[in-house]
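pasting the structure only:
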């Protein structure tokens, strides 16, 4: 673990990294529970296990910077400042949700937070992130865009096109790969002839680094370097975070499957990014176990409140809401 | 247009496009253009000639041959406040970038609960007639009008081209603006300076009483030729150019259907699943009792666009086939 780097990071940032990870974890566990009780409709793709990537990446950004996201987008939105109430309401398809119940879990977004959308199409958020990065360069506003994507999306054409274009146009963007070793339910080694996605960076003409995606400090440190590089006009870079999905691609179970072994899941769960970080923080006397527990409890209370808010919120009205928001009316 | 013959400034369709882009770029610093070969070379049809020289590499951007990323570039830039014009060299490449067009650009506003505003214009060239064969000649408007969230525009003359392009670029929704590549050299009156033609308003090109011809893009001048021939036979047709295919000005069509009671729809795309099928369905839903004959469609046969001039000429509808369609609809009665 990065004890040396930690000493250079302020307590405030360490608490921020921790807080964002716990916010993601507790929201996701609650959402999973609600989905298994059919209180959340549709598909749900939980971010549990990968929290260090979204938290480490987003703490390295300014509030005004943008991110693009994936199917597994809840964690990115939380890490970028998403609030529980409109998120939970959106999961439940309520009118008070971030997307008025029109997007749901898979399309959750808030452009006001610079979150360019979770995305139901693998790899499709990356070209959009490149567009935002182009606008930042065009406006010379000093902002950076961070594209989150999985190992699976690096096999689709849109990713390749976007990475090449970003490098050709020398845009302020960070390509943040969360390599969780599975493209949906297919192991990475069955569909890719390389082990490290970061190897692909060289093909576009950008630096690519590999970090332990279960170590939030390592992710944050790498992101800070890449973000600074982008902000200084030095162009794109790629970070590959080796991470893992504790649950299945979709849904709330993950064990007893044919596509991966329970032993493997257990090995990764033993390296739970939150538990690892809390142990480190306790050892370094930055945050006591007691303090950590209080933080969890405070966040859990917020989530409970959000669930109550969402369940008591109105559903959208088919008569009034079906056809609104298809087009922007002329002002 | 209250313009006298001497006041008219006659320019080419392609030059109207180029001039409009230049005027828009001068007016609004948030507008940029990106696409394959649009910069230094000026576009494969020279539609963008001179723009890179005047506005620089930052505003008239050469991109890789990467249609998904080109549309994505436009979406992302529009979502954070610019007003991009991105070019798909040929309309056939719509299929290459369809995910970004239909799943991303078109749906973003709705999926995000109304928060997104996407002032994105996609320019492209459609239509046959240049011997460009099956992958560079299609008219794919029917693929696009099926998608809620898009606007689809197809001008038939230089005057409309300018006014519609200005409206597309100033619109806060994703619009797809199609030039007909066989009309690039056609000429017409185009005023200097920017003006708008509202999207979703059809133009009654010719008033008539015996039948209504609804024609799209290059089929409009062909319908005008057919009208001259038919007039000699004592047949007086009304011609409607929808100009915007989505949203579609059905009111104008229905009024005309109630007046002439006979309808011929003409488009260059294949008949099966073409826009004519949709227009026809809406006419029967709204004006069935006024029809004196079944709605007739004149469109391409159900084959890819062929290469050989002998085949291509027979493939694309023209004044002759339109006139035949009108005669057919006049001789059939319900």
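Here it is on my side, so go on. Nothing here was measured: the structure is a model prediction, and the numbers come from that model.

Show me what the one helix or strand residue B:17 maps to packs onto, helices and strands only.
Secondary-structure assignment from DSSP states H and E places residue B:17 in helix B:13-27. If you count contacts as 3 or more CB pairs under 8 Å, 6 or more residues apart in numbering or on different chains; DSSP states H and E, helix B:13-27 packs onto strand B:31-35, helix B:51-55, helix B:158-170, strand B:175-180, strand B:187-189. To be clear about C-beta, it is placed using only N, CA and C from the backbone, and glycine gets the same treatment.

okay if I get those as CSV plus mean neighbour count?
Output for the helices and strands packed on helix B:13-27, formatted as CSV (neighbours: other CB atoms under 10 Å in any protein chain shown):
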stretch, mean neighbour count
strand B:31-35, 24
helix B:51-55, 17
helix B:158-170, 24
strand B:175-180, 26
strand B:187-189, 17
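
near chain B, which residues of the stretch 101-250 of chain A show up?
By CB under 8 Å from any CB of the partner chain, the residues of the stretch 101-250 of chain A that approach chain B are A:101-103, A:107, A:109-112, A:116-117, A:119-121, A:124, A:126-136, A:138-139, A:145, A:157-158, A:161-162, A:164-165, A:168-169.

Buried ones from these, can you make that a PyMOL selection?
Of these, the buried ones can be selected in PyMOL as follows, counting by 16 or more other CB atoms under 10 Å in any protein chain shown:
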select buried, chain A and resi 101+102+103+107+109+110+111+116+117+119+120+121+124+126+127+128+129+130+131+132+133+134+135+136+138+145+158+161+162+164+165+168+169
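
from the residues of the stretch 101-250 of chain A next to chain B, which ones fall inside strands?
Residues of those located in strands (DSSP state E): residue A:145.

can you map out the helices along chain B?
B:13-27, B:51-55, B:67-79, B:98, B:108-111, B:141-145, B:158-170, B:219-232, B:250-260, B:275-287, B:309-315, B:319-331 (DSSP state H).

Tell me which of those lies nearest to residue A:28.
Nearest to residue A:28, of all these, is helix B:108-111, at 20.9 Å by CB to CB.

Off-centre distance for the closest one?
Relative to the centre of its chain, helix B:108-111 is centred 25 Å away, using CA atoms, centre = their mean, to the nearest Å.

How about stretch A:81-94?
Between the centre of stretch A:81-94 and the centre of its chain there are 16 Å (CA atoms, centre = their mean).

Repeat that for stretch A:91-103.
20 Å.

before we move on, what about stretch A:250-266?
21 Å.

what residue ranges in the stretch 151-300 of chain B score low on pLDDT?
For the stretch 151-300 of chain B, no stretch is flagged by pLDDT under 70.

For chain A, what's its nearest residue on it.
Chain A sits closest to residue B:172 of the stretch 151-300 of chain B, with a gap of 4.0 Å, by CB to the nearest CB.

which residue sits closest to that residue, ignoring its sequence neighbours?
Ranked by CB to CB, 6 or more residues apart in numbering or on different chains and with sequence neighbours excluded, the top spatial neighbour of residue B:172 is residue A:328, at 4.0 Å.

Could you verify that that neighbour is part of a helix?
No. Using DSSP: H, G, I helix; E, B strand; the rest coil, the assignment for residue A:328 is coil, not a helix.

and residue A:47, helix, strand or coil?
What three-state DSSP gives for residue A:47 is coil.

quick one: the helix holding residue B:17 to strand B:31-35, angle?
130 degrees (axes from the mean of the first three to the mean of the last three CA atoms, to 10 degrees).

before we move on, back to that, nearest to residue A:30, out of the helices and strands packed on helix B:13-27?
Within the helices and strands packed on helix B:13-27, the stretch nearest residue A:30 is strand B:175-180; the backing value is 41.6 Å (CB to CB).

what about that closest one, near chain A?
No. Between strand B:175-180 and chain A, judged by CB under 8 Å from any CB, nothing touches; the nearest distance is 10.6 Å.

what does that strand contact?
Contact with strand B:175-180 is made by B:13-14, B:17, B:45, B:47, B:91, B:94, B:101, B:120-127, B:139, B:141, B:144, B:150-156, B:161, B:164-165, B:168-169, B:199, B:217-218, as judged by CB atoms under 8 Å, 6 or more residues apart in numbering or on different chains.
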